[in-house]
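Participant: Next come a sequence and a model predicted from it.
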Amino acid sequence: MMSLYVRSLAREYELLSSEIKRTVELFPQDKDQGFGATSGHVAFKHYHELREKRLNLEVEQSLYFLEETQ
């Protein structure tokens with residue numbers, strides 16, 4: 001049961017990670033219509049980097065607990 005959870009969490013991580021990378025790449029990086037998009041891009045990228053770190057921690061914790069229960 002736990003291995004199914006770990007596999008689904010790993011798959012979710014893969015999907016979200018690729019979605020985050022694609023979104024960050026497509027986010028406007030230059031000034032657009034008078035707004036400073038550069039600072040918005042930096043904040044957006046930082047937010048998603050933190051989100052990716054959280055997902056990594058969840059996967060690592062799941063693997064740790066899976067190993068402990070076996």
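Facilitator: Arrived safely.

Participant: okay, how far is it across stretch 24-40, tip to tip?
Facilitator: Stretch 24-40 has an end-to-end distance of 11 Å (CA to CA, to the nearest Å).

Participant: Show me the shaky parts of the protein.
Facilitator: 1-2, 28-37, 70 (pLDDT under 70).

Participant: any idea where the strands of it begin and end?
Facilitator: Counting by DSSP state E, the chain forms no strands at all.

Participant: Just give me the residue closest to the centre of it.
Facilitator: Centroid-nearest residue in the chain: E52, 2.8 Å away (criterion: CA atoms, centre = their mean).

Participant: Near F44, how many residues? Count them for me, please.
Facilitator: 17 (other CB atoms under 10 Å). (C-beta placed from N, C-alpha, C; glycine too.)

Participant: Now for it: which residues touch it?
Facilitator: V24, F27 (CB atoms under 8 Å, 6 or more residues apart in numbering).

Participant: what's the nearest residue to Y13 if we skip its chain neighbours?
Facilitator: In space, and not counting its chain neighbours, Y13 is closest to L55: 4.8 Å by CB to CB, 6 or more residues apart in numbering.

Participant: Distance check, that neighbour against E68.
Facilitator: If you measure L55 against E68 using CB to CB, to the nearest Å, the figure is 21 Å.

Participant: Between the two, which is the more surrounded one?
Facilitator: Each of L55 and E68 has its neighbours counted (other CB under 10 Å); L55 has more, 18 against 7.

Participant: hang on, isn't that one packed against S18?
Facilitator: No - contact status for L55 versus S18: not in contact, 12.0 Å apart, counting by CB atoms under 8 Å.
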